[in-house]
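Undergrad: return atomic coordinates for the entry below.
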Amino acid sequence: MSKIIDFHAHIYPQKIVEKATESVGNFYGISMGHDGSVETLLKSGEKASVDAYVVHSVATVPHQVESINNFIAQSCTEHPGKLIGFGTLHPEMENPEMEMDRCISLGLRGIKLHPDFQKFNMDDPKMGPVYRAAAQKGLPILMHCGDYRYDYSHPRRLAAVLDNFPELTIIAAHFGGWSVFDLAVEYLLHRNCYLDTSSAIFMLGRQRTKELIQLYGADRILWGTDFPMGDHTDELEAFQSFGLSKEDAEKILYKNAEKILQISV
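TA: The predicted structure is shown next:
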C-alpha cells in the first residue's frame, strides 16, 4: 500500500468545533460528514491508513489570524509526523509578511486562503505583496478556487495570479474550480499550478474525475478530502476505483505532496 497524505483537511478548536463545522455546512448547503476536531480527523484517516494530513483553517476577519495559526501549530506539535500545518492570513490584516515569518517560526509549511469566505478577489493588486512574499519565503499557497455563486475565486483570477507570480507555488483546491470545473480546465489547463481532488468526486462522478486527472496529468494532482466535508474511506475507495497506474497513484497520494512540502512522511 502506498503512503497517503491528505493535502486538504480542516480542523477547529474543540470549544468551537460544532459551530464552525455547522457554519461551513450552511455556507455550502450540505450536511457535513464529521465534526472538524483533530480527534475525529485522526480516527477517520486511520480507517483508511492515511499517514499524514495537511491541516488548516480560514480567518474570516483579521483578528482571528494569530489565534488560528497558534492553534494549527499547537495541533501539529501535539501530533508530530501526522499533522502538517498551513497558516492563514487575511487580506485586511496589518503586516501579513510579519505573520508569514511567525508562521515559519511556528513550523507551519504554507498558507491557506479562501477568497469566498474572506471576500477578496484573488487577483486584487493589494494581494501582490502577499504573493510575492510567500514566493520569496518558500511558502506554498493552498487556494480555494471556484464557486458558481461568487466571482472572488473564479479560475480566470487564479490564472492572472499565476501569470503575474510564476515563481509562486499554488495548489488550486477542488480541481481549480469547485462547481465550475470546466471553467477551471479552460483557464488552468496549461498554467503552472497543482490541483487537489477535494470536494470534487461527489459532484463530478468517478468517470469525469478520472478524465480530469488524466487531462491535467498526475504530476499536478494531490489527493485531498476536504475533511470534515469528506470521509477518508469513501474518498480513497473512489480514488482506487479509477484504476490509475501505480506510478500515477503514488504521485497523487503522496509524492507530489512530499515534493511541495520538502519532507518525507
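Undergrad: skipping adjacent residues, who's closest to Phe181 in space?
TA: Leaving aside its chain neighbours, Phe181 sits nearest to Phe175 (5.4 Å; criterion: C-beta to C-beta, 6 or more residues apart in numbering). From N, CA and C alone the C-beta is placed, and that goes for glycine too.
Undergrad: wait, that neighbour sits on Ser199?
TA: No: Phe175 is not in contact with Ser199 according to C-beta atoms under 8 Å; the separation is 9.1 Å.
Undergrad: which one of the two has more residues nearby?
TA: Taking neighbours as other C-beta atoms under 10 Å, Phe175 and Ser199 compare with Phe175 leading, 30 against 24.
Undergrad: helix, strand or coil for that one?
TA: helix (DSSP: H, G, I helix; E, B strand; the rest coil).
Undergrad: residues in contact with it?
TA: Contacts of Phe175 were listed using C-beta atoms under 8 Å, 6 or more residues apart in numbering, and they are 181, 184, 195-197, 200, 204, 209, 212, 216.
Undergrad: when you filter those residues down to buried only, what's left?
TA: Restricting these to buried positions leaves 181, 184, 195-197, 200, 204, 209, 212, 216, with burial counted as 16 or more other C-beta atoms under 10 Å.
Undergrad: sitting in strands, which of these do you find?
TA: If you go by DSSP state E, these have 195-196 in strands.
Undergrad: turn the buried ones among the contacts of Phe175 into TSV, including distance to Ser31 and pLDDT.
TA: TSV is the format used below for the buried ones among the contacts of Phe175 (distance: C-beta to C-beta, whole Å; pLDDT from 0 to 100):
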residue	distance to Ser31	pLDDT
Phe181	22	98
Ala184	25	98
Leu195	26	98
Asp196	22	98
Thr197	20	98
Ala200	18	96
Leu204	19	97
Thr209	21	98
Leu212	25	98
Tyr216	29	98
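Undergrad: the closest residue to Asp101 other than its chain neighbours: how many residues sit nearby?
TA: Take Asp101 and drop its neighbours on the chain: the residue closest to it by C-beta to C-beta, 6+ apart is Lys137, 7.4 Å away. Applying other C-beta under 10 Å, we find 13 residues neighbouring Lys137.
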